[in-house]
Structures are given as C-alpha cells and as structure tokens.
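Trainee: Based on what follows, work out the 3D shape:
(2 chains, ligands or ions: 2)
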Amino acid sequence: MFIRMIGKAFFRQWKKMTMIALTIALGASLATAMLSVMIDVEDKINQELKVYGANIKVVPKDTSVIDELYDVGDENISGAYLKEDELGKIKTIFWAFNIVDYAPFINTDAKLSDGTKVDVTGTWFNHHMDLPTGEELDAGIASLRSWWDITEGEWLDEQGNEDPYRAMAGAGIAEREGISAGDIISVEGAGGSVMLTVVGIFDAGGEEDDIIYVPVDVAQEIGGLEGRIDSIEVSALTTPDNDLARKAAQDPSSLSVAQYETWYCTAYVSSICYQIEEVITDSVASAVRQVADSEGQILKKTKLLMILITILSMIGAALGICNLVTASVMERSQEIGLMKAIGAHNGAITGLILAEIMCTAVAGGVTGFFAGLGFAQIIGHSVFASSITMRPMVIPLVAVLVVLVTLIGSIPAIRLLLGLKPTEVLHGK
Amino acid sequence: MSLLELKNVSKIYGDLHALDHVNIKVEKGEWLAIMGPSGSGKSTMMNIIGALDKATEGEILLDGEDIAKKSAAALTDIRRDKIGLIFQQFHLVSYLTAVENVMLAQYYHSLPDEKEALEALDRVGLAGRAKHYPSQLSGGEQQRVCVARALINYPEIILADEPTGNLDEANEEIVVEMFNKLHNEGTTLVVVTHNPEVAEVAQRTIVLRNGRVDHETVNENFTGKIKHITLM
Ligand SMILES: Nc1ncnc2c1ncn2[C@@H]1O[C@H](COP(=O)(O)OP(=O)(O)OP(=O)(O)O)[C@@H](O)[C@H]1O
Ligand SMILES: [Mg+2]
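Mentor: Ligands and ions are numbered 1, 2, ... in the order given. You can find the predicted model right below:
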C-alpha cells in the first residue's frame, strides 16, 4: 500500500519530482566533481612530489653550518658524517607512513686506471628493507631520480644480482672517458681499489652526469669510510605549511605545549624534519624548497575554492528542494488533511513524504554522481591537464551530502505538514 | 450511559462564541440530525466531536472517556478507531482508485485488505467502480466512496457534515438510504444538514442558533425513509 501510494503520488507529481531530482542531480554532480578533483589532484601532486624527488635533505650538523656559511655544495670538507646503521630509524618516526622514499649518499674522490680524477657516490638504487613494523620498503634513487634518462644499459638492480661491484656512470664522464654499458672499470680511492661493471649510463641533465654511482658499501670501501654517510634525501608526503609550521620551523621551542602537539602531529615538512633529527644523531634535516612547495600552496587555495563551490552548490540545492517540497506539500494539503482526519499520525505522513523525496533524491543523486564524474574529467583536463581517477571515498561523501541536503531542504515542508490542521483544509474554507 | 455526551462545551474564537455552553447526549444506535442557520456552529461542533478540533472548555465524553484534554496523537487514535467522517466536499485522494481510497483508511488503521474494501464498496453499490479514479466518478458516487471509507474500520459513530450538500435529489436519496441501512445495523449517526427532508428522516433533530441549542424535536413517526415535499 505504502509503495503503491508512493508510486502513484510520484506519477501524479512527476513534474515537481523531476525538478527535485534535477536540483539534487545538479548539486550532487558539482559535489562529485569537486570532491573527485580535490582528492585526486591532492594525491597526484603528492605523487609528483615523489617523482620530482626528495623534499627533505639530512646532513651532519657541522656540514650544515659550513654549508650555510660558505656554500661549498656537496663537498664534505668538515669531516662530519652520519651513521649508516641509523638509516632504518627514519621509518620509525611518528610520520613514518608519510615517508615514501629515501636514500643515503656518500661521496668519495677516486681515480680511474689512467689517473683521471672522478667523483664516486655510494647510494641505494632499489634497496630492500624489512622494517621493524613488519612492512617492507624498496627505497633508493631508482624512484628518487626517476627522471634520469637511461641512455645505455639499464638501472642498477640491487636485488636482482648479488654482485655489489657494479656502477652507473653519468653521461658526461662516460663520454669523456669512453665508458659504455658492460665495461669493467678500475676505480682506486683512499681505501683501496675495486673493479666495477658499468651496468648503465644515465643522462640526468645536470652535475650528476659527471659522477659514478655505486652501492653504498662499495663507495665506503673505495674511500675507506666504513659505516659513514654524507647525506640522506627523503621524500615525504607533507601538509602545506601554515603560520604555525613557519613559526615552528624557526624554533620549535617557541611553541606552547598545545601548539607543539598540533604541529608535531601534523605532517608539516618542519615537523617531519624535526622528527628525523630526533632519530639521526647529530643531523640537520631541512626542507628542500622546490616547485612542489608552491604547488602545495596553490593546491591549498584551489582546495578551499572547491570546498566553497561544493558548500554553495549544496546550499543552492537545499534551497531549491526547500521550495519544491514546500510547494508539493501545499499542493497536497487537502490530501494530507484528509489522511490526518482518517487517523494517520504525523509520523506516518512525514514518512510518506520523506520516502517520496528520498526516492527522488536517490535517483537525482545517482544521475548527478555520474554527471559529476564527467565534469571532473573536464575540469581535470582543462585545469590540471590530467585525467581524474575516481576515488571510492567520493561515493559515501556525496551520498551523505545528498541525504543531508535533502533532509535539511525538507524541514520547512515537514513543519508545514505537522502544523496543518485537517479542519482548515477539509471544509473548503 | 450515552455513547456521546457534550457537557457545557464552548468554542471561542477571539470574542466570537462559535459554541456556547452546549449540552447534548447521543445514545448508542441513535440517528441524530443537526440543523441551524449558517454560522450557528454546526461544523464547529462536528469537528469537536470528531476529535479534529479542541473545545475551549467543557467535557466531551465519548464512550465515557473525556476526549477534551487528550493530546493530538491520542485524538488521532480516537479518529482512527472510533469515528467515521463524511464531509460535504467528497475528499478523496485523486491519484488513488476508489478501492485504494477505502484501503487508505484501513492502512492507517491496521492492514489494508482489498477484499474487505471491495465488500464495503459493494455495500454502497459501487462494486463495479472499484478501479475508477475519483475524477471518473460522479459526485454521488464519490460521496458513496467516502461513506464506504468511513465504514471500513467499524467506527462507533459516523459524523456527516452536510453529506448531501453537493448532491442532487436522486443521489441524496441513495445516501439517506445508506444511512438508514447503517442505522438498521446499529450504527450511531450524527448528520448535519440544511435540508429539512434529510433532517426529518432522523429520529431526533437538534437545532443550533448562535452557538447554542435552540430547540430539539423528536420524530414520532420515524421510518428512516425520505418523504419528498413536493412544492405546489
Ligand atoms: N477557525 C476559525 N476562526 C475563527 N472563526 C471561526 C473559525 N471557524 C469557524 N469560525 C466561526 O465560527 C462560527 C461557526 O462556524 P461553523 O463553521 O461552525 O458554522 P456552520 O454552522 O457550520 O455554518 P454553515 O452552515 O455555513 O456550514 C462562524 O461564525 C465562523 O465564522
Ligand atoms: Mg458547516
């Protein structure tokens, strides 16, 4: 009976119901588009951040001071080092989950067999780690330097081959010294001499093209620097800085306890740096200013704008629904009065009307959702020049918004309905 | 004990006394007509008896229970369980068929039962029109659907406010005949009317004037059949 009534009431009021469905569809489509774009683009930018490499650099305390004073670049002239055996601790900090990748670097001077001086840098390529948490992580420059163009050979695979005496040479030095993939070169440093198989030549388009990269242990052996690390590059997902983060970046001790808590428990670059410094002895971790940082700012503003559009579209939908549902209830006041007169309780009538509106809302919401996915693609392509992946999280969000907006929009009509007196409508006054 | 008793019931709108200390008793199974000029308070009284409206003061005893001070929800239950309402306008839900309109009353009362609803329509002579929509029925037929709906939950009292006000003579007679049938089955009827012919069929007539009971007449030779007064 209930369903039959809803069906028939629907059919009779199909124009209004269509309008309600359209209103909801419009609101839902905007909300879907905005939420999809917002969530996806945020993820994408964070991904890009990873692609563009590290955003945090960790160096020994003394080096950092000298670096600031004289800007000597990567040259380690202070003689200070980080400890290799502490590297794993980075994945134990509070924001460990946000650390997506990192790699240590150890530089040493060496000579080729013909006496030419070369820079040799030890690092992780795709270093496998079993973390104390039970997680596994493959970290290293394979992803931190994903933009390197391999011109010959292939990436050095630390896991596939047990032989550590392998190297990747930059395009610059390879060309000068006539090195090509597959060659075996002899490298001699303060710690001794080794024979290395060159597995790949890369073009990084910068200073790195003059460096020979080898696994960490090999560089330490060449330089006689066992257990030492010059620097660590960390790629972390971060929250864009705000005033609190900037204040903390200056001096964490200037924060109140509550501010400190908030800051420590937010993935600001500065709090992640701070936490890294806590676990790596005598280290200074600092944010590498880069494109991603300003992108983060833009993203934050865009996000705000999108949230605003979502809220406005929802308010618009609520107002539209409010009008339409009220009109529908007024149009049916006789019928409602009659139902009350023959013994229908307020709850039963409210239920009937809400069920009708909700069915309409669901139809509108589903239509709007799919339309919104289309909108999201259009926005993605025209604004962010990338397609938008649908995030499952958007579905419950939009569903909740649609239900809320429909309910809120129906409140005035329900109030009208509750206040309606059968005597006022039934005697044709 | 009377089925219905009004004790000093008043309904006051501002300084208008729509009902002014009305005392009425209706016995179980009685057929009572209420007359009076326009504005004398007939509908006001019916609304109060029908638990659609509240009196400003006084007691309304239905089945010995005072309904004057009950909550809105309790009044809804009383309407649903004890009262059958018929109005001058034939209020039907336009998008439901005749039988569905009857079933609507069942739905809010207990459970819709199509067979029983069809039987009720049969009793008012509309078995063949069950699947028609109100717009496809004549005024008289619509009013008969309303009667069927008022009957469906076996109310203790049927309240009809000018049930024949919008009907022609032929349909008026059909409705009055239906009342007679209900009366013979023991249903209590209170019928407001402007039409003396309709009032005369009842066992007793109460005339209201300015919100008060003006006088009361008892129909000595009650037959339950309408007597047409032919004007010369
Ligand atoms: N809601 C209201 N507010 C104010 N006054 C009202 C209201 N309802 C009825 N009245 C007044 O109460 C008086 C009685 O009205 P009521 O409808 O009971 O008359 P009636 O006897 O049914 O008349 P009719 O024969 O025309 O139907 C009238 O003067 C009317 O104007
Ligand atoms: Mg009246």
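Trainee: Can you show me the helices along the stretch 101-250 of chain A?
Mentor: Secondary structure of the stretch 101-250 of chain A by DSSP state H, counting those that start in this stretch: the helices cover A:141-144, A:171-177, A:216-223, A:243-250.
Trainee: Kindly present these as TSV, with separate columns for distance to ligand 1, mean pLDDT and mean neighbour count.
Mentor: All C-beta spots, glycine's among them, are computed from the backbone N, C-alpha and C. Converted to TSV, the helices of the stretch 101-250 of chain A look like this (distance: least, CB to the nearest ligand atom, whole Å; pLDDT from 0 to 100; neighbours: other CB atoms under 10 Å in any protein chain shown):
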stretch	distance to ligand 1	mean pLDDT	mean neighbour count
helix A:141-144	78	85	22
helix A:171-177	94	91	18
helix A:216-223	92	92	22
helix A:243-250	62	80	16
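Trainee: For the stretch 301-429 of chain A, give me the ranges with low pLDDT.
Mentor: For the stretch 301-429 of chain A, applying pLDDT under 70 flags the ranges A:385, A:427-429.
Trainee: mind running it again at 80?
Mentor: Scanning the stretch 301-429 of chain A for pLDDT under 80 picks out the ranges A:301-302, A:383-387, A:426-429.
Trainee: Pretty sure A:Ala142 is one of the things A:Asp101 touches, is it not?
Mentor: No. Taking contacts as CB atoms under 8 Å, A:Asp101 lies outside contact range of A:Ala142: 9.1 Å.
Trainee: helices and strands around the strand ranked longest in chain A, which ones?
Mentor: Assignment by DSSP state E gives strand A:99-112 as the longest strand of chain A. On a contact count with 3 or more CB pairs under 8 Å, 6 or more residues apart in numbering or on different chains; DSSP states H and E, strand A:99-112 meets strand A:117-123, strand A:136-139, helix A:141-144, strand A:184-189, helix A:216-223, strand A:228-229, strand A:231-236.
Trainee: Return the residues of chain A in contact with ligand 1.
Mentor: Within chain A, no position lies close to ligand 1 (CB under 6 Å from any ligand atom).
Trainee: re earlier: what's the angle from the longest strand of chain A to strand A:117-123?
Mentor: In terms of direction (axes from the mean of the first three to the mean of the last three CA atoms, to 10 degrees), strand A:99-112 departs from strand A:117-123 by 150 degrees.
Trainee: before we move on, the earlier item: how about the helices of the stretch 101-250 of chain A, which one is nearest chain B?
Mentor: Nearest to chain B, of all these, is helix A:243-250, at 53.9 Å by CB to the nearest CB.
Trainee: domain ranges for chain A?
Mentor: Following automatic domain parsing, one finds the domains of chain A at A:2-47+A:296-426, A:55-287.
Trainee: Out of those, flag the one nearest B:Met103.
Mentor: B:Met103 lies closest, by CB to CB, to one member of the domains of chain A: domain A:2-47+A:296-426, at 8.9 Å.
Trainee: Run through the residues that contact residue 179.
Mentor: In the absence of a named chain, chain A is used. Residues near A:Ile179 by CB atoms under 8 Å, 6 or more residues apart in numbering or on different chains: A:169, A:173, A:185, A:198, A:201.
Trainee: my question was about chain B
Mentor: Residues near B:Phe179 by CB under 8 Å, 6+ apart: B:31, B:160, B:189, B:191, B:201, B:224.
Trainee: Quick one: the helices in chain B, in order.
Mentor: Counting by DSSP state H, chain B has helices at residues B:42-49, B:72-82, B:98-109, B:114-123, B:139-151, B:169-184, B:196-201.
Trainee: Using a markdown table, lay out the ones you listed together with distance to ligand 1.
Mentor: What follows is those, written out as a markdown table (distance: least, CB to the nearest ligand atom, whole Å):
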| stretch | distance to ligand 1 |
| --- | --- |
| helix B:42-49 | 3 |
| helix B:72-82 | 16 |
| helix B:98-109 | 24 |
| helix B:114-123 | 28 |
| helix B:139-151 | 17 |
| helix B:169-184 | 17 |
| helix B:196-201 | 13 |
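Trainee: can those helices go into TSV with extra columns for mean pLDDT?
Mentor: Converted to TSV, the helices of chain B look like this (pLDDT from 0 to 100):
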stretch	mean pLDDT
helix B:42-49	93
helix B:72-82	91
helix B:98-109	91
helix B:114-123	90
helix B:139-151	91
helix B:169-184	89
helix B:196-201	88
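Trainee: nearest to A:Pro164, of those helices?
Mentor: helix B:98-109 (82.2 Å).
Trainee: Pull the residues that contact the closest one.
Mentor: With CB under 8 Å, 6+ apart as the criterion, helix B:98-109 contacts A:1-2, A:4-5, A:8, A:339, A:342-345, A:348, B:80-81, B:92-93, B:96, B:112-114, B:116-118, B:120-121, B:126, B:129-134, B:137, B:141, B:145, B:148-150, B:152-153.
Trainee: One more: stretch A:225-234?
Mentor: Stretch A:225-234 has contacts (CB under 8 Å, 6+ apart) with A:53-60, A:63, A:74, A:76, A:81-85, A:87, A:90, A:99, A:101-108, A:144, A:191, A:216, A:219-220, A:272, A:276, A:280, A:283, A:285, A:288.
Trainee: likewise stretch A:347-361?
Mentor: A:2, A:5-6, A:9-10, A:17, A:20-21, A:24, A:321, A:325, A:328-329, A:336, A:339-340, A:402-403, A:406-407, A:410, A:413-414, A:417-418, B:108.
Trainee: rerun at 7 Å
Mentor: A:5-6, A:9-10, A:17, A:20-21, A:24, A:325, A:329, A:336, A:339-340, A:402, A:406, A:410, A:414, A:417, B:108 (CB atoms under 7 Å, 6 or more residues apart in numbering or on different chains).
Trainee: Among the residues you listed, which are located in helices?
Mentor: Per DSSP H, those map to helices at A:5-6, A:9-10, A:17, A:20-21, A:24, A:325, A:329, A:336, A:339-340, A:402, A:406, A:410, A:414, A:417, B:108.
Trainee: burial measure for the residue nearest to B:Asn195 when sequence neighbours are not counted, as a count.
Mentor: Among residues not flanking B:Asn195 along the chain, B:Thr164 sits closest, at 6.3 Å (CB to CB, 6 or more residues apart in numbering or on different chains). When neighbours are counted by other CB atoms under 10 Å in any protein chain shown, B:Thr164 registers 25.
Trainee: same check, this time on A:Gly134
Mentor: A total of 6 residues lie near A:Gly134 under the criterion other CB under 10 Å.
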